[in-house]
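Peer 1: One predicted model, sequence on top.
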Amino acid sequence: MRKPIIIGNWKMNNTLSEAIDLVNGIKSFELDKNVEKVVCVPYIYAMEMKNILKDTDVKVGVQNVYFEEKGAYTGEVSSAMLNSIGAEYVIVGHSERRTIFGETDDIVNKKVISCLKNEIIPILCCGETLEERKSEKAKAVIENQIRLALKDISKDEVKNVIIAYEPIWAIGTGITASSKDAEEIISFIRTILNEMYAETSEIIRIQYGGSVKPENVKEIMAEKNIDGALVGGACLKAESYRDLVNFNL
Ligand code: PGA
């Protein structure tokens, strides 16, 4: 059984006092124990958020990492540094990083490797543009992203990877892929994982992301191969995060 996982991606939002209010709000609610819960916060708030959430089962992750171990990389943060502050998850290869910051598949692969080496769970994002979807290239694009991102990752290591399928045209646009469309691509991703890792593919969790909100989360989560949601906009309010996590209650 794959445990459902709801991850909030705060992106570049919230001042410190807003961030504190948000996690205190989340902390005040009864949240489904059968759902794994993560908030991916800006680096600078990670320790404070960890501290506030320490008596809860809500885990803290961040939104980026640099793949080198240490050294002269001004402004960067390594997986070892993240591990040392108790961050447990990192979003890797988000489409905003790929398009705005020029992150290539090779960089994404190096980041996944560095996370696994330092016991951080990478949330590996993939997804196609609208043009790619319209020209029926979505599956080819996603297969390529997955195979390159998981290059040199063993069967044992891949168990600790979470994959997030996020069609770029659905991110922040209010347009959600239909649950059937999302399921079609996500089951396709599982087929690729099966080719790469055989039966281990059955235990790898694959999320959907792109305009997920309390109103559509239940339908998305009802799909057989969809194990969770990576949520941007709708996770910035405590009540909305609660309703996403409690989709089953
Ligand atoms: P959204 O963002 O929920 O605001 O569409 C999702 C994401 O980019 O992870």
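Peer 2: Thanks, I have the structure now. Remember, it's a predicted structure, so these values are computed and weren't measured experimentally. Numbering: from 1, shown residues only.
Peer 1: Can you find the residue of the chain that comes nearest to the ligand?
Peer 2: Per C-beta to the nearest ligand atom, Gly232 is where the chain lies closest to the ligand, at 2.4 Å. Every C-beta, even on glycine, is put in place using the N, C-alpha and C of the backbone.
Peer 1: in the chain, which spans are strands?
Peer 2: Assigned by DSSP state E, the chain shows strands spanning 5-9, 36-41, 58-62, 89-92, 121-126, 162-165, 205-209, 228-231.
Peer 1: quick one: which of these is nearest Asn248?
Peer 2: When those are compared by C-beta to C-beta, strand 5-9 sits nearest Asn248, at 10.5 Å.
Peer 1: in this structure, which helix or strand is least confident?
Peer 2: Ranking every helix and strand in the chain by mean pLDDT, DSSP states H and E puts helix 130-134 at the bottom, with a mean of 95.
Peer 1: Could you list the residues in contact with that one?
Peer 2: Helix 130-134 is contacted from outside by Ala138, Val141, Pro167, Ile168, Trp169, using C-beta atoms under 8 Å, 6 or more residues apart in numbering.
Peer 1: and if we set it to 7 Å?
Peer 2: For helix 130-134, the external contacting residues (C-beta atoms under 7 Å, 6 or more residues apart in numbering) are Ala138, Val141, Pro167, Trp169.
Peer 1: Just the buried ones from those residues?
Peer 2: Neighbour counting with 16 or more other C-beta atoms under 10 Å marks Ala138, Pro167, Trp169 as buried within the contacts of helix 130-134.
Peer 1: so what's the last one up against?
Peer 2: So the one you mean is Trp169. Trp169 touches Thr129, Leu130, Arg133, Ile175, counting by C-beta under 7 Å, 6+ apart.
Peer 1: Show me which residues of the protein sit near the ligand.
Peer 2: 9, 166, 171-172, 209-212, 230-234 (C-beta under 6 Å from any ligand atom).
Peer 1: Of those, which pair is most distant in space?
Peer 2: It's Glu166 and Ala234 that sit farthest apart of the residues of the chain next to the ligand, by C-beta to C-beta, at 13.8 Å.
Peer 1: out of those two, which sits in the busier spot?
Peer 2: Using other C-beta atoms under 10 Å, the more surrounded residue of Glu166 and Ala234 is Glu166, with 26 against 19.
Peer 1: that older thread, go through the contacts of Trp169 and say which is closest to Gly25.
Peer 2: Ile175 (27.7 Å).
Peer 1: what's around the spatially closest residue to that closest one that is not a sequence neighbour, how many residues?
Peer 2: Computed as C-beta to C-beta, 6 or more residues apart in numbering, the closest residue to Ile175 that is not its neighbour in sequence is Ser211, at 6.0 Å. By other C-beta under 10 Å, 21 other residues sit near Ser211.
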